[in-house]
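# My questions concern the predicted model and sequence given below.
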Amino acid sequence: MGKDKKITLIIGGGIAAYKSLELIRLLQNAHIEVIPILTKSAENFVTTLSLAAISKKKVYSHLFDLNDETEMGHIQLSRVSDLIVVAPATANLISKMANGLADDLASTLILATNKKVLIAPSMNVQMWNKPATLSNVKKLKEYGFLFIGPNTGDMACGEFGLGRMAEPSEIKDKIMASFQNNTLLNKKILVTSGPTVERIDPIRFISNNSSGLQGTAIANALVNLGAEVVFVTGPTNVSHPIGAKIIPIESAKDMYKAVFSNGPYDVAICAAAVSDWHVQNDSSRKIKKKDSNSKPNIELKENPDILADLSKSKNRPGLVIGFAAETEQLTKNAKEKLISKGCDLIVANKVEKKSSIFGAKNNEVTIITNDYMEKWPEMTKTEIGEKLGQLIVKYCH
Ligand SMILES: Cc1cc2nc3c(=O)[nH]c(=O)nc-3n(C[C@H](O)[C@H](O)[C@H](O)COP(=O)(O)O)c2cc1C
């Protein structure tokens, strides 16, 4: 295991930077190649020479280093490894990552990467406990960044508390575990998410209440399992899953085109709330109200059916999962949808008038296949994503 794995190790300017040398050694013993990146501050704590000697690799540090850009540009550097590890992650680096700053090589790589990022914070207990730091960490967790530590213990400054960087052996174990989790490695999975928007005129549109939270949670879970995720999403306010190929769309027709031009897929999960109709006579100019009796003539035409067409396509994914939101007769309607669309599994959820599922943190779903039905208890959408991920793992093996 790990023979062909590669990580990019970003070393921040903290007192624990010296531990990065031991981390590199442990990773090398586990056959993991390390590309070291130093922040400018980190150069005060460890030398490029000692890192190069231990890693036997070129050590990168400066964004505007012409040689590096010709050998390996900063975008390429952000893509060549399987995982980016930030250890030690200073309060400053954590703040930069949480706010999308890109003012040096390390932060630019992190913003540009399409890989998962594992953060090992290291700082004084007061720095860690500051609301600004805690809120930055919360934000990063929501964005899908992985964390290890910090631990509680003695600090280099003589104080005691939470803020010590996790030990190199713990960081190495977490890296190995993240690789072992790759049970969906080499599986290409489509996830559609969010609402679609059908234009009436440049100002008005027909859409729906889908928040994109459930689709995003599923995509995050699948990325964490190592899948290559194609995420086709309508407009939402949710942060896109890190590590997925993101294809933003507006209308159902756009979504159809994106879905069918990025396949074939091993698995398809159609969680988006796709509008059944579009406006056939949409106007390129704002429709004006002429008098109080005038009503615009809006002609609706059926949209192409993504789920049904995927289910009967030549390159049909081995597993096609649809979603059904029903206001009544949940299981009956969901079962009918399963049959009429020709998909393999429906995740059905009931839309109650009072407590809508749209935008909520939790959901209660029923899994329906041709010969099986299981009601899952209420849980967070993240947990549903993870449970669905496990179901897909079972299917794929
Ligand atoms: C001796 C010394 C030790 C430091 N240790 C830490 C530390 O452990 N954690 C931290 O967040 N900042 C620490 N700092 C402050 C950072 O070096 C400083 O915030 C710097 O801007 C971080 O830059 P970087 O995030 O680009 O590496 C330390 C500073 C000094 C002078």
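Yep, that arrived.
# Find me the pLDDT at the residue of the stretch 101-250 of the chain found nearest the ligand, would you?
Nearest residue of the stretch 101-250 of the chain to the ligand (Cβ to the nearest ligand atom) works out as residue 123 at 3.6 Å. All C-beta spots, glycine's among them, are computed from the backbone N, C-alpha and C. On pLDDT, residue 123 comes in at 96.
# ok, which stretches of the stretch 1-150 of the chain are helices?
19-29, 48-55, 66-71, 74-77, 91-98, 105-112, 125-129, 131-143 (DSSP state H, counting those that start in this stretch).
# Just want to check the distance between residue 251 and the ligand.
Counting by Cβ to the nearest ligand atom, to the nearest Å, the gap from residue 251 to the ligand is 43 Å.
# Could I get the phi/psi values of residue 391?
Main-chain torsions, residue 391, degrees, to the nearest 10: phi -60, psi -40.
# For the stretch 201-350 of the chain, which segments count as strands?
Under the criterion DSSP state E, counting those that start in this stretch, the stretch 201-350 of the chain carries strands at the ranges 205-206, 228-233, 245-248, 267-270, 277-279, 300-302, 319-326, 345-350.
# Just name the most buried of those strands.
strand 267-270 (a mean of 26; mean count of other Cβ atoms under 10 Å).
# ok, that strand: who's next to it in the sheet?
According to DSSP bridges, strand 267-270 forms sheet pairs with strand 188-193 (parallel), strand 319-326 (parallel).
# Tell me what the residue nearest to residue 375 when sequence neighbours are not counted is bridged to.
Excluding its sequence neighbours, the residue lying closest to residue 375 (Cβ to Cβ, 6 or more residues apart in numbering) is residue 366, at 4.7 Å. Beta-bridge partners of residue 366, counted by DSSP bridges, are residue 348, residue 375.
# Now for residue 366: which residues touch it?
Residues near residue 366 by Cβ atoms under 8 Å, 6 or more residues apart in numbering: 330-331, 334, 347-349, 373-376.
# do residue 65 as well
The contact partners of residue 65, taken as Cβ under 8 Å, 6+ apart, are residue 105.
# picking up where we left off before, quick one: the residue nearest to residue 375 from residue 247, how far?
Going from residue 366 to residue 247 by Cβ to Cβ, to the nearest Å gives 29 Å.
# go on, residue 238?
15 Å.
# And what about the nearest residue to residue 128 once chain neighbours are set aside, helix, strand or coil?
Nearest residue to residue 128, sequence neighbours excluded (Cβ to Cβ, 6+ apart): residue 163, at 4.1 Å. Secondary structure assignment for residue 163 (DSSP: H, G, I helix; E, B strand; the rest coil): strand.
# I'd say residue 163 and residue 124 touch.
Yes: counting by Cβ atoms under 8 Å, residue 163 touches residue 124, with 5.7 Å between them.
# more crowded one of the two?
Neighbour tally, residue 163 and residue 124, criterion other Cβ atoms under 10 Å: the higher count belongs to residue 163, 26 against 18.
# can you pull the pLDDT of the closest residue to residue 182 other than its chain neighbours?
Of all residues not flanking residue 182 in the chain, residue 226 sits nearest, at 2.9 Å (Cβ to Cβ, 6+ apart). Note on residue 226: pLDDT of 83.
# so how far is residue 264 from residue 226?
The gap separating residue 226 from residue 264 is 19 Å, by Cβ to Cβ.
# In terms of neighbours, single out the busier of these two.
Using other Cβ under 10 Å, the more surrounded residue of residue 226 and residue 264 is residue 226, with 21 against 15.
# Which residues are in contact with the more buried one?
181-185, 187.
# one step back: which neighbours do residue 163 and residue 124 share?
Counting by Cβ under 8 Å, 6+ apart, the residues touching both residue 163 and residue 124 are residue 155.
# Return the backbone torsion pair for the residue nearest the centre of the chain.
For the chain, the residue nearest the mean C-alpha position is residue 241 (2.0 Å; Cα atoms, centre = their mean). Torsion angles at residue 241 (phi, psi; degrees, to the nearest 10) stand at phi -60, psi 130.
# what's the distance between it and residue 125?
For residue 241, the distance to residue 125 - Cβ to Cβ - is 33 Å.
# before we move on, what about residue 23?
With Cβ to Cβ as the criterion, residue 23 and residue 125 are 22 Å apart.
# what about residue 4, how many neighbours?
Other residues lying near residue 4 total 9 when counted by other Cβ under 10 Å.
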